[in-house]
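1. Take a look and give me a structure for this.
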Amino acid sequence: MKKAHLVTLVVTLGLFSSQTFARQYPMPEKGSDVVGYTEIVYPEPGESFVDLSVRYEAGYDELKWANPNANYWTPSPQMPVILPFEYILPKGKRSGIVSNIPEMRTYFFPKDGETVYVYPVGVGRMDWKTPLGSWKITRKQEAPAWYPPESIRREHQEMGKGILPAVVPAGPDNPLGNHVLRLNLPSYLLHGTNDVTGIGMRVTHGCMRFFPQNIEELYSIVPNNTEVTFINEPVKVGFKGDELLIEVHPPLEEDNLDTQGLKEIAYRLLAEHQNNPNIQMVDPRMIDLAIEKMSGLPTHIGQRIDPNTHNPQPHKDSGSAINIDWDKFK
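-> Residues are numbered from 1 along each chain as shown. Below you'll find the model as predicted:
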């Protein structure tokens, strides 16, 4: 039997242009938690997933998770590629900047409460973990110099990359890029880059690394003293209207979470819904499958029920479901 991957394709009609893929969305209505749209695109001849990541301002790993059976280095121009641009917003306080480390995304919630910005980011490697917690932006800096700590200079030399100077001036060789948001957490920054191929991967020394155009935008709209929170949520659950969705990302390697561990997290999050007589859940095996796939794509697992009729609320179709036959593109 040929494998098929079911995804909801939403006709976005102008949400994306050939010039920019910046993701700014209106906040969902009260009781809903989902923003964005899943997109389908086709590679240009010779494009790899690294190229697609840069062209569409997507994280590299999130593209791989959403397209698990694709050829990442030489995809066929006829192969549909899912852009996972639909998101369940993180739980908790939706204000300021929130970076979810496992999904390698940063959310900015302006004070007006009307919009949210979503950016892919590079995050800390396992041996240079991004710390969890909340801090404040203390300084915004344009064209920064970089003062690498001794530990990074030593690693640089041990890796055979030569001697890293004590000060790297602003310019094309500066890995911080042209814009930096400094925190009251020493040595940890939100910054741009001079190498866009690492966005959406665990490649940094703990900082949040943005596409240059994304950090430039964030720099221009975020005031000093904005709260910045780093969280670790590989599993998210939320509503899109009356539809209950789950979004699962591979956990951080150092957390030593296997599939069963992810299921336990998911079941805890779903407990209040499983016992709610006004919510109809799908077959538990489908929930397990969504968890096992770890695709990062919000997946339908339940529906609110009309308390008067005990029937599922009418589903508001936001797009057309399609089946992708991956085997013919291998």
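
2. In terms of residue numbering, what are the domains of this protein?
-> Domain segmentation of the chain under automatic domain parsing yields 92-232, 235-317.

3. and the end-to-end length of the longest one?
-> It stands for domain 92-232. Terminal residues of domain 92-232 lie 12 Å apart, using CA to CA, to the nearest Å.

4. which one of the domains of the chain lies closest to E39?
-> domain 235-317 (11.7 Å; CB to CB). Yep, even glycine has a C-beta here, placed from its N, CA and C like the rest.

5. Output the below-cut-off pLDDT ranges for this protein.
-> 1-22, 125-128, 149-153, 155-166, 205, 307-330 (pLDDT under 70).

6. Need the contact partners of the longest strand along it.
-> In the chain, with assignment by DSSP state E, the single longest strand is strand 133-142. By CB atoms under 8 Å, 6 or more residues apart in numbering, the list of residues contacting strand 133-142 from outside reads 97, 178-185, 188, 190, 219, 222-230.

7. Out of these, name the ones that lie in strands.
-> Reading strands off these with DSSP E, I get I97, H179, V180, L181, R182, L183, L190, E227, V228, T229, F230.

8. on that earlier part again, for V54, which of the domains of the chain is the nearest?
-> With CB to CB, the closest approach to V54 among these belongs to domain 92-232: 5.2 Å.

9. how far does the closest one sit from the chain's center?
-> Here domain 92-232 is found 15 Å from its chain centre; the criterion is CA atoms, centre = their mean, to the nearest Å.

10. End to end on stretch 70-78, go ahead and measure it.
-> Terminal residues of stretch 70-78 lie 12 Å apart, using CA to CA.

11. Buried residues in stretch 102-121, which are they?
-> Residues of stretch 102-121 classed as buried: 102-110, 116-121 (neighbour count, 16 or more other CB atoms under 10 Å).

12. Closest to the centroid, which residue in this structure?
-> Nearest to the mean C-alpha position of the chain, counting by CA atoms, centre = their mean, stands R105 at 3.5 Å.

13. hang on, the earlier thing: for ChimeraX, write the selection for the buried entries among the ones in strands among the contacts of strand 133-142.
-> Buried subset of the ones in strands among the contacts of strand 133-142, written as a ChimeraX selection, criterion 16+ other CB under 10 Å:
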select :97,179,180,181,182,183,190,228,229,230
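
14. and the two most separated of the ones in strands among the contacts of strand 133-142?
-> Greatest spatial distance in the ones in strands among the contacts of strand 133-142: H179 and T229, 20.1 Å, computed using CB to CB.

15. out of the buried residues of stretch 102-121, who's nearest P90?
-> Y107 (6.6 Å).

16. ok, what's across the strand from that closest one?
-> V98, V118 (DSSP bridges).

17. Now do the helices in the stretch 151-300 of the chain.
-> 212-221, 259-274, 284-293 (DSSP state H, counting those that start in this stretch).

18. okay, those helices in a markdown table with mean neighbour count and distance to V41 next?
-> Shown next, in a markdown table, are the helices of the stretch 151-300 of the chain (neighbours: other CB atoms under 10 Å; distance: least, CB to CB, whole Å):
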| stretch | mean neighbour count | distance to V41 |
| --- | --- | --- |
| helix 212-221 | 18 | 19 |
| helix 259-274 | 15 | 29 |
| helix 284-293 | 15 | 21 |
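
19. Now render those helices as CSV, adding distance to I137.
-> Formatted as CSV, these follow (distance: least, CB to CB, whole Å):
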stretch, distance to I137
helix 212-221, 10
helix 259-274, 30
helix 284-293, 35
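
20. Of all these, which one comes closest to V237?
-> Comparing the helices of the stretch 151-300 of the chain by CB to CB, helix 259-274 comes nearest, at 4.5 Å.

21. orientation of the closest one relative to helix 284-293 in degrees?
-> Here helix 259-274 points in a direction 130 degrees away from that of helix 284-293 (axes from the mean of the first three to the mean of the last three CA atoms, to 10 degrees).

22. Show me how far helix 259-274 is from its chain's centre.
-> 21 Å.

23. and V98, how many neighbours?
-> With neighbours defined by other CB atoms under 10 Å, the count for V98 comes to 24.

24. Make sure it is actually in contact with T226.
-> No. Using CB atoms under 8 Å, V98 is not in contact with T226, being 10.9 Å away.

25. Now do the end-to-end distance for stretch 62-70.
-> One end of stretch 62-70 sits 13 Å from the other (CA to CA).
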